[in-house]
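> Got a sequence here, can you model it:
(one chain, ligands or ions: 2)
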Amino acid sequence: MMNQKLKIALQKSGRLSADSINLLKICGIKFDYNSGKLRAAAENFPLEIFFLRDDDIPEYVADKVADIGIVGENVLAETRRCCETIEKLGFGKCRLSLAVPKSFDYQTIKNLDGKRIATSYPNILSECLTKNNVAAEIHIISGSVEIAPSIGLADVVCDLVSSGSTLLTNGLREVETIFESEAVLIARPNLDENARAILDKLRFRINAANAAKQNKYILLNAPDEKLAEIVKLLPGIKSPTVLPLAERGWSSVHSVIGENDFWEIVEQLKDTGAEGILVLSIDQMIN
Ligand code: PRT
Ligand code: ZN
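Ligands and ions are numbered 1, 2, ... in the order given. Prediction:
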């Protein structure tokens, strides 16, 4: 089937929406997105995009309404749908944690025995409690979990945390992380050969864009007598490119360096005698 399209489910509006849409954009996929729409067709890639509530995405994918989707690992684990995790995407990072009011004397998870815990994640929580042999009462609430203790609905909360400021402003103390999460690309089981081929094309682009994000392209001028030392500081993909400058005794050196250590390397390069250092972002990196 030449005209087959892969169907992808993205969060319509929420914390994962902008990053999910941006991921497709940096993969060079063009589509018309406006917030009212529930679906869109890509112009230059065999992809049809569905915009849904995040909680529904694992179900849509498992039930083959969509072939693939982008969702938080927390939602995937909670809904317990049969989907394959294809790729971690590095955004939407958060953790599911237990938090207690400041006055709660918390030493170990055993202190939760007999307590009432408010959460939107009853499945992940009950698995954790069972594993730790704790018998607590789970109160399922769908939003604003953090206010449950102050209104007398629960003794403890189990909620998603990123910066921690929501817990802090509600007088709660994070005591235990029970699940770490980030956005993932998921696929339905048993994708047919054509769908798998389109997914592989998409993954190739995602990996190129993610690798590019983690690296910088660096150009500099080096006096020839310092070249050996400078080249040693720059691993490059294979090894740095060295080209002679018009001015004798000088060379231009080009390389790729990791985003995490580039400031440190730049300082060392300067100390070694490098001049005119330029650092550029990379759009795609294909190995
Ligand atoms: O409408 P829809 O159902 O699609 O969206 P939603 O409101 O259910 O989800 P949304 O958009 O809030 O979150 C989507 C996904 O983002 C979650 O499933 C997580 O995978 C991820 N994510 C990352 C977070 C957070 N960080 C986060 N901080 N989801 C929620 N929060 C909330 C948390 O519940 C708490 O209320 O933010 C608050 C805590 O934040 P801090 O920074 O104060 O700690
Ligand atoms: Zn939701």
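> check contacts around residue 255.
217-218, 234-236, 240-241 (Cβ atoms under 8 Å, 6 or more residues apart in numbering). Any C-beta I mention is one placed from the backbone N, CA and C, and that applies to glycine too.
> Doesn't it belong to a strand?
Yes - counting by DSSP: H, G, I helix; E, B strand; the rest coil, one finds residue 255 located in a strand.
> For ligand 2, see how far away it is.
According to Cβ to the ion, to the nearest Å, residue 255 and ligand 2 sit 44 Å apart.
> With residue 236 as the reference, measure out to that residue.
For residue 255, the distance to residue 236 equals 4 Å [Cβ to Cβ, to the nearest Å].
> what residues do the two have in common as contacts?
Shared contacts of residue 255 and residue 236 (Cβ under 8 Å, 6+ apart): none.
> one step back: by pLDDT, give me the weakest of the contacts of residue 255.
Ranked by pLDDT, the contacts of residue 255 bottom out at residue 236 (73).
> ok, back up a step: give me the buried entries from the contacts of residue 255.
218, 234, 240 (16 or more other Cβ atoms under 10 Å).
> Specify which member of those is nearest to residue 53.
Distance to residue 53, by Cβ to Cβ, is smallest for residue 218 among the buried ones among the contacts of residue 255, at 43.4 Å.
> Can you show me the helices along this protein?
Counting by DSSP state H, residue ranges of the helices within the chain are 17-26, 57-62, 73-79, 122-131, 165-169, 193-213, 227-233, 262-272.
> most tightly surrounded among these?
When these are scored by mean count of other Cβ atoms under 10 Å, the highest mean neighbour count falls to helix 57-62 (a mean of 23).
> any idea how far ligand 1 is from residue 150?
14 Å (Cβ to the nearest ligand atom, to the nearest Å).
> and if you look at residue 200?
Relative to ligand 1, residue 200 is positioned 26 Å away (Cβ to the nearest ligand atom).
> Could you dump the helices of the chain into a markdown table with mean pLDDT and distance to ligand 2 added?
Shown next, in a markdown table, are the helices of the chain (pLDDT from 0 to 100; distance: least, Cβ to the ion, whole Å):
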| stretch | mean pLDDT | distance to ligand 2 |
| --- | --- | --- |
| helix 17-26 | 95 | 11 |
| helix 57-62 | 97 | 9 |
| helix 73-79 | 98 | 7 |
| helix 122-131 | 98 | 14 |
| helix 165-169 | 97 | 16 |
| helix 193-213 | 94 | 23 |
| helix 227-233 | 94 | 47 |
| helix 262-272 | 94 | 37 |
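> circling back to that earlier point, export the buried ones among the contacts of residue 255 as JSON lines, with columns for distance to ligand 2.
Shown next, in JSON lines, are the buried ones among the contacts of residue 255 (distance: Cβ to the ion, whole Å):
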{"residue": "218", "distance to ligand 2": "42"}
{"residue": "234", "distance to ligand 2": "45"}
{"residue": "240", "distance to ligand 2": "47"}
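> still on that earlier bit, okay if I get the helices of the chain as a markdown table plus distance to residue 108?
Shown next, in a markdown table, are those (distance: least, Cβ to Cβ, whole Å):
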| stretch | distance to residue 108 |
| --- | --- |
| helix 17-26 | 36 |
| helix 57-62 | 33 |
| helix 73-79 | 24 |
| helix 122-131 | 13 |
| helix 165-169 | 19 |
| helix 193-213 | 39 |
| helix 227-233 | 48 |
| helix 262-272 | 41 |
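> Which members of the contacts of residue 255 define the maximum pairwise distance?
Checking those with Cβ to Cβ, the most distant pair is 217 and 235, at 13.3 Å.
> what is the closest residue to residue 164 other than its chain neighbours paired to in the beta sheet?
Computed as Cβ to Cβ, 6 or more residues apart in numbering, the closest residue to residue 164 that is not its neighbour in sequence is residue 174, at 6.4 Å. Counting by DSSP bridges, residue 174 forms beta bridges with residue 99.
> So residue 174 versus ligand 1, what's the distance?
Counting by Cβ to the nearest ligand atom, the gap from residue 174 to ligand 1 is 9 Å.
> Need the pLDDT of that residue.
Residue 174 carries a pLDDT score of 98 in this model.
> That one: neighbour count?
Number of residues near residue 174 (other Cβ atoms under 10 Å) recorded here: 16.
> doesn't residue 163 make contact with it?
No - using Cβ atoms under 8 Å, residue 174 is not in contact with residue 163; the gap is 11.2 Å.
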